[in-house]
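Undergrad: sequence and predicted structure are below.
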Amino acid sequence: MGNNVSSHYEDQGTVFLSNEDRNEVYRIPALFYDRDRKVLMAFAEKRRTSNDASTEALVLKTGKFIKDGTTQQPIIQWSESTNVVEKKHLGGYRPMNPCPVYETSSRTLFLFFICIEGTVSESCQRFFGYNKARLCYITTADAGQTWSEVTDLTDKQPEMKTWATFAVGPGHGLQTQTGRMIVPAYAYGSCSHSCFCIGCFCAIPRALCLYSDDNGVTWQFGNTLEEKSVECQMAEVSDDRGNRLVYCNARNEGGYRVEAISDSSGKEFLTLPAAEKLVETGRGCQGSVVSFPAQPGRADSGQEPQWLLYTHPTSQSKRTDLGVYLNRSPQDPHAWSKPWIINNGPSAYSDLAYIDEGWFACLMERGEKSEIEQIAYNVFSYDQVIQNVENVS
């Protein structure tokens, strides 16, 4: 693994700072860049403790870019934190897994999330095979200044009655060139309704997508991946001939990440061979992937391919040393670069956003002793990525 520290480590800055003494722990970052309003939106779960069952709210900070007059390296000026969804307004259901997806024609951001009954854990739902999660979203048309009421889609999704539990994201969704809105998700298929094995943890997780073809009016689920897979993110990619595919990168439970592609915009996925450069961490960790236009320096083919950037802890044993990986041939799992380490030490969940003009932002869990000490950001350019991945030994 590469072990070079980012030359712009000093440009990392805290967005959400945990303080366990004050019962404030921030986890599960989600990031969206509002290209219409030139605003970055950072979401997270606000918890009382590190325990998933203690989530109280989904919070938001908005950021504006300021470029240093000398180096032109952007920094972000963040707003104060606001609660956008709160447990106390959800009848005792706790909101989790923020997953923003933007509808371009109406310039509306949909913030998807799940609501879990009381303090019921995911492991408890898997154990008994009964889903206590609900599928919800809110919307904003002014970059988070005002929000709609909560829309609950649970009763409109018949598949969910057969699942032990499910979740969206966490992290960003996408809208394809054809207008399809895609929310990454995963579900544990319940077996307790068809056999006497309650308590055997036989529910198997598989990634899939929730999609809409009518600008977010109605939603339906695609088919699950064949491979066992958990938290995932998706991106639309294209090659020199203009062929477009949806790429999926999913958490696994050890070994290597699960990668898949879809030529049906997420309805069906074909699993790719394991990419040994994309190691999975211990029992698994969420990772982020984003597509972006091919950058200058490639051979001109008359088309504009879309490449991939991916972030994930680089250790195969623990959540540490967050790395950035580049793939300029997204259908080839062997085309991934070695990682450029942008955060040495404890690192966990992350989310990427492409900002335009070759710039990226990454929101990440990090700390000195533990990865849940803060959610921080880093801004870097494609030139910095290519320089650093090529220099990894």
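TA: Received, thanks.

Undergrad: show me where the stretch 201-350 of the chain has its strands.
TA: Counting by DSSP state E, counting those that start in this stretch, the stretch 201-350 of the chain has strands at residues 204-212, 220-221, 232-238, 244-250, 258-262, 270-271, 288-293, 306-313, 320-327, 340-356.

Undergrad: need the ones you listed in a markdown table (columns: distance to Glu371, mean neighbour count and mean pLDDT).
TA: Glycine gets a C-beta too; all of them are placed from N, C-alpha and C. Formatted as a markdown table, those follow (distance: least, Cβ to Cβ, whole Å; neighbours: other Cβ atoms under 10 Å; pLDDT from 0 to 100):
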| stretch | distance to Glu371 | mean neighbour count | mean pLDDT |
| --- | --- | --- | --- |
| strand 204-212 | 22 | 23 | 95 |
| strand 220-221 | 31 | 18 | 96 |
| strand 232-238 | 19 | 25 | 96 |
| strand 244-250 | 20 | 24 | 96 |
| strand 258-262 | 22 | 23 | 96 |
| strand 270-271 | 29 | 14 | 94 |
| strand 288-293 | 15 | 22 | 96 |
| strand 306-313 | 8 | 25 | 96 |
| strand 320-327 | 8 | 25 | 97 |
| strand 340-356 | 4 | 23 | 96 |
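
Undergrad: turn those strands into CSV, columns for distance to Asn378.
TA: As requested, those are exported to CSV (distance: least, Cβ to Cβ, whole Å):
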stretch, distance to Asn378
strand 204-212, 26
strand 220-221, 34
strand 232-238, 18
strand 244-250, 20
strand 258-262, 24
strand 270-271, 31
strand 288-293, 12
strand 306-313, 10
strand 320-327, 9
strand 340-356, 5
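
Undergrad: and of these, who's closest to Gly171?
TA: Among the strands of the stretch 201-350 of the chain, the nearest to Gly171 by Cβ to Cβ is strand 340-356 (4.3 Å).

Undergrad: any idea which of the strands of the stretch 201-350 of the chain gets closest to Lys369?
TA: Per Cβ to Cβ, nearest to Lys369 of the strands of the stretch 201-350 of the chain: strand 340-356, 6.8 Å.

Undergrad: bridged to Val258, which residues?
TA: Beta-bridge partners for Val258, by DSSP bridges, are Ala250.

Undergrad: how about the contacts made by the closest residue to Phe269 other than its chain neighbours?
TA: Spatial nearest neighbour of Phe269, excluding adjacent residues (Cβ to Cβ, 6 or more residues apart in numbering): Ala260 at 4.0 Å. Taking Cβ atoms under 8 Å, 6 or more residues apart in numbering, we find Ala260 in contact with 207, 225, 227, 247-248, 250, 269-272.
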